[in-house]
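Peer 1: I would like the atomic coordinates for the input below:
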Amino acid sequence: MNWLFNYKRTAPCSILPNLFHSRIAFLVTSELDILRAETQNANEKSASAATQTAAMLSLNFKLQSTASKNHAKQIELEVKTIEAREVKELLTIIQVIRSVRHGVVRALLNTLVAISPRCVHRE
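Peer 2: Numbering: from 1, shown residues only. As a prediction, this is how the structure comes out:
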């Protein structure tokens, strides 16, 4: 600005306002260009942040979905383990019943065999 005041003393009156207005227009234009660039930069950062947020939300959803599926598989595995244990217990019960029945049948047959010679009439 110092040059402007020095120039003012020597310049004719018609040149000074034009020069002053040109200088102000240049400064305002420069400021507008800077503000436009900053605005564009901020918009790009905002768009990038929105894209990253959407990507993170998508990954979070996939992670939750995978965790839910794994949990469901764990539950199914636990149910199958319980079912297998119950089937094994039932098989043991059936085997015990069969052996008891077999023993009872054998005992009955032995008793019948032992009694049958007495019951048979010999003529």
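Peer 1: What's the local residue count around residue 23?
Peer 2: 13 (other Cβ atoms under 10 Å). In this view, the C-beta of every residue, glycine as well, is placed from N, C-alpha and C.
Peer 1: so what pLDDT did it get?
Peer 2: We have a pLDDT of 83 for residue 23.
Peer 1: In three-state terms, label it for me.
Peer 2: helix (DSSP: H, G, I helix; E, B strand; the rest coil).
Peer 1: and the gap between it and residue 31?
Peer 2: 13 Å (Cβ to Cβ, to the nearest Å).
Peer 1: ok, now residue 60?
Peer 2: Counting by Cβ to Cβ - residue 60 and residue 31 are separated by 42 Å.
Peer 1: mind checking which helix or strand the residue most central in space within the chain is in?
Peer 2: Closest to where the C-alpha atoms of the chain average out (Cα atoms, centre = their mean) is residue 63, at 1.5 Å. With secondary structure defined by DSSP states H and E, residue 63 is part of helix 15-119.
Peer 1: So which elements touch that helix?
Peer 2: helix 2-10 (3 or more Cβ pairs under 8 Å, 6 or more residues apart in numbering; DSSP states H and E).
Peer 1: for the helix it packs on, what is the average pLDDT?
Peer 2: 50.
Peer 1: re earlier: how close does the residue nearest to the centre of the chain get to residue 70?
Peer 2: 11 Å.
Peer 1: Please apply the same query to residue 22.
Peer 2: 71 Å.
Peer 1: What of residue 38?
Peer 2: Counting by Cβ to Cβ, the gap from residue 38 to residue 70 is 47 Å.
Peer 1: Who are the contact partners of the residue nearest to the centre of the chain?
Peer 2: With contacts defined as Cβ atoms under 8 Å, 6 or more residues apart in numbering, residue 63 has no neighbours.
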